[in-house]
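**Q** Could you look at this predicted model? Sequence included:
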Amino acid sequence: MALESDTLAQLCSTLRRFVDEQLIPAEAEVSESDAIPDRIVAQMRALGLFGLTAPEEFGGLGLTMEEEVSAIFELGRAAPAFRSMFATNVGIGMQGIAIDGTPEQKAKYLPRLASGELIGSFALTEPEVGSDAGSVRTTARRDGDFYVLNGTKRFITNAPHAGLFTVMARTDPAQKGASGVSAFAVERGTPGLSLGKPEKKMGQQGAHVCDVIFEDCRVPASALIGGVEGQGFKTAMKVLDKGRLHIAAACVGLSERILDDMLAYAVGRKQFGKSLADFQLIQAMFADSKADAYAARCMVLDAARKRDAGLNVSVEASCAKMFASEAVGRIADRNVQVHGGNGYIREYRAEQLFRDARLFRIYEGTTQIQQIVIAKALVAGARASAGL
Ligand SMILES: Cc1cc2nc3c(=O)[nH]c(=O)nc-3n(C[C@H](O)[C@H](O)[C@H](O)COP(=O)(O)OP(=O)(O)OC[C@H]3O[C@@H](n4cnc5c(N)ncnc54)[C@H](O)[C@@H]3O)c2cc1C
């Protein structure tokens, strides 16, 4: 349900204060300790961040897409590891069940995901299956009232903390493509499910990924999301359309934050007897960054509004994710440049945010995969117009 505009404004201003007063001051601690402090996780729960998008009937705020991206513009201003803590619940870790789950699955899991009591992860990628997501090799063989899962999922965000995994597995081995894939809600602690060691990553310390391994892991047939086989890839794509807009919004938030940092540094630093901010070559980096961030914000909002209006936004979501993630990469790079030598030094946030931003061009579909989605739709449209 859409919020009143002053309620949304109030939510955004509360989130901005939370970011400025709690998250940004804790960035160095999180980066050093590779953990989000419990006090901050508790504050996230109290603010309802785990349930931003869960339907109200299940204890969430039920934000529309436009409201969700508006909230994420604010939350995205902090180092991305903070957002990662609750974002799998808001997005990929919950949406499979929220969009396509049976009434029983929704009632069983959504309230606990919305409160943050349960962390949800989304397990699609495998060691041999990344961009070509429809070729999932993990299998789910029906055995009476159970399915038996075998396979390994790779780089699963929040897996070390998750109590519930949305797992894509092949139920029909005769179908090599996406139509043989189904989605399952698998609980941590199910015999046959184990976790690999958390990976050491380039950036986003405080957010954790690891392998999720299934060895003859028996789950009840009621774990099949939506109760119908062969719908898993469709579920995954619906989750990712929404997820890509969420990620694009996070890129906008980080872009705007980095531009603020860049300006603050440049006005304070003097060379050749004047402020860095007075050099026109430096100013060009501000202007390019502002135009990048503004264009990304406009794309994300437009695509979010179209999705709320019930339109299919696969192409717009891919455009927004591609543009916003590339833009934040350019802005983070300019920020290092504006900081000069200090930009390369740990004490300043510029190098951290540069490393943190790099991931946005890779997960939830690389830039090349977004290009493929966009171009495929354009070519299909052109063929249809030409009657070919
Ligand atoms: C920190 C982190 C967190 C992640 N979290 C999750 C998660 O929670 N759940 C999950 O399921 N996955 C997750 N992933 C996985 C992520 O979505 C994949 O890494 C990503 O989709 C790319 O897949 P890949 O790594 O196998 O690369 P590959 O598919 O091997 O691609 C390698 C390169 O080839 C390019 N490429 C591939 N195919 C084509 C093509 N047809 N045309 C042109 N270029 C192509 C790619 O763009 C890329 O540049 C995460 C990854 C990381 C690093």
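**A** Yep, it's here.
**Q** For the ligand, what's its nearest residue on the stretch 1-150 of the chain.
**A** Scanning the stretch 1-150 of the chain for proximity to the ligand using CB to the nearest ligand atom identifies residue 130 as nearest, at 1.6 Å. To be clear about C-beta, it is placed using only N, CA and C from the backbone, and glycine gets the same treatment.
**Q** How about the contacts made by that residue?
**A** residue 154 (CB atoms under 8 Å, 6 or more residues apart in numbering).
**Q** Now do the same for the most centrally placed residue in the chain: its pLDDT.
**A** Averaging the C-alpha coordinates of the chain gives a centre point, and the residue nearest to it by CA atoms, centre = their mean is residue 247 (4.7 Å). Residue 247 carries a pLDDT value of 97.
**Q** Can you give me every residue that contacts it?
**A** Going by CB under 8 Å, 6+ apart, residue 247 touches 321, 324-325, 360, 363-364.
**Q** let's see 6 Å
**A** 321, 364 (CB atoms under 6 Å, 6 or more residues apart in numbering).
**Q** which regions of this structure lie under the pLDDT threshold?
**A** Within the chain, the ranges that satisfy pLDDT under 70 run 1.
**Q** Repeat the analysis, applying 50 as the threshold.
**A** Along the chain, no part satisfies pLDDT under 50.
**Q** What segments of it are strands?
**A** Ranges of strands within the chain are 120-123, 139-143, 146-157, 164-170, 181-187, 193-195, 209-220, 270-271, 274-275, based on DSSP state E.
**Q** can you list contacts of the fourth one?
**A** Same thing as strand 164-170. Outside strand 164-170, the residues touching it (CB under 6 Å, 6+ apart) are 96, 118, 120-124, 136, 138-140, 149, 180-181, 183-184, 186-187, 232, 236.
**Q** Kindly report the same for the third one.
**A** Contact partners of strand 146-157, identified using CB under 6 Å, 6+ apart, comprise 88, 121, 123, 125-127, 137-141, 169, 209, 211-214, 216-220.
**Q** does the ligand sit close to it?
**A** Yes. Using CB under 6 Å from any ligand atom, strand 146-157 reaches the ligand at 155-157.
**Q** Who does that strand pair with, and is each partner parallel or antiparallel?
**A** Looking at strand 146-157 with DSSP bridges, its partner strands are strand 139-143 (antiparallel), strand 209-220 (antiparallel).
**Q** is it true that residue 258 touches residue 337?
**A** No. Using CB atoms under 6 Å as the test, residue 258 is too far from residue 337 to be in contact (11.8 Å).
**Q** if you count what's nearby, which of those two comes out ahead?
**A** Neighbour count, other CB atoms under 10 Å: between residue 258 and residue 337, residue 258 has more, with 27 against 13.
**Q** Please enumerate the helices of the chain.
**A** 5-18, 27-33, 38-47, 65-75, 80-90, 95-100, 103-115, 232-268, 280-308, 314-338, 349-358, 367-385 (DSSP state H).
**Q** Of the ones you listed, flag the one that's most buried.
**A** Ranked by average neighbour count under the criterion mean count of other CB atoms under 10 Å, the helices of the chain are headed by helix 80-90 at a mean of 26.
**Q** The ligand contacts on this structure?
**A** Counting by CB under 6 Å from any ligand atom, the chain sits next to the ligand at 121-125, 130-131, 155-157, 201, 209, 359, 362-366, 368-369, 372.
**Q** just to revisit the earlier point, in CSV: the strands paired with strand 146-157, plus mean neighbour count.
**A** Listed next are the strands paired with strand 146-157 as CSV, based on neighbours: other CB atoms under 10 Å:
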stretch, mean neighbour count
strand 139-143, 17
strand 209-220, 19
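**Q** So for residue 191, which of the helices of the chain sits nearest?
**A** helix 103-115 (19.5 Å; CB to CB).
**Q** Please find the angle between the direction vectors of the closest one and strand 181-187.
**A** Counting by axes from the mean of the first three to the mean of the last three CA atoms, to 10 degrees, helix 103-115 lies at 60 degrees to strand 181-187.
**Q** Tabulate the CA atom coordinates of helix 103-115 in CSV.
**A** These are the backbone C-alpha positions of helix 103-115, laid out as CSV (Å, rounded to 0.1, in the frame of the first residue of the first chain):
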residue,chain,number,x,y,z
PRO,A,103,-0.4,-19.0,1.4
GLU,A,104,1.2,-21.5,3.9
GLN,A,105,4.7,-20.6,2.9
LYS,A,106,4.0,-16.9,3.2
ALA,A,107,2.4,-17.4,6.6
LYS,A,108,5.2,-19.6,7.8
TYR,A,109,8.2,-17.4,6.8
LEU,A,110,7.2,-13.8,5.9
PRO,A,111,6.5,-12.6,9.5
ARG,A,112,9.9,-13.8,10.8
LEU,A,113,11.7,-12.5,7.7
ALA,A,114,10.0,-9.1,8.1
SER,A,115,11.0,-8.8,11.7
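**Q** what sits up against that helix?
**A** 51, 54, 58-60, 89, 94, 97, 118, 120, 185.
**Q** Drop anything exposed from those residues.
**A** Among the contacts of helix 103-115, those classed as buried by 16 or more other CB atoms under 10 Å are 51, 54, 58-60, 89, 94, 97, 118, 120, 185.
**Q** any idea which of the residues you listed is the one closest to residue 342?
**A** Scanning the buried ones among the contacts of helix 103-115 for proximity to residue 342, where the rule is CB to CB, the winner is residue 89, at 36.3 Å.
**Q** count of residues packed around the residue nearest to that closest one when sequence neighbours are not counted?
**A** In space, and not counting its chain neighbours, residue 89 is closest to residue 50: 4.4 Å by CB to CB, 6 or more residues apart in numbering. Residue 50 has 29 neighbours, counted by other CB under 10 Å.
**Q** measure residue 50 to residue 86 for me?
**A** According to CB to CB, to the nearest Å, residue 50 and residue 86 sit 5 Å apart.
**Q** can you count the residues close to residue 148?
**A** Around residue 148 there are 17 residues (other CB under 10 Å).
**Q** ok, what's across the strand from it?
**A** residue 141, residue 218.
**Q** distance of it from residue 244?
**A** In terms of CB to CB, residue 148 sits 32 Å off from residue 244.
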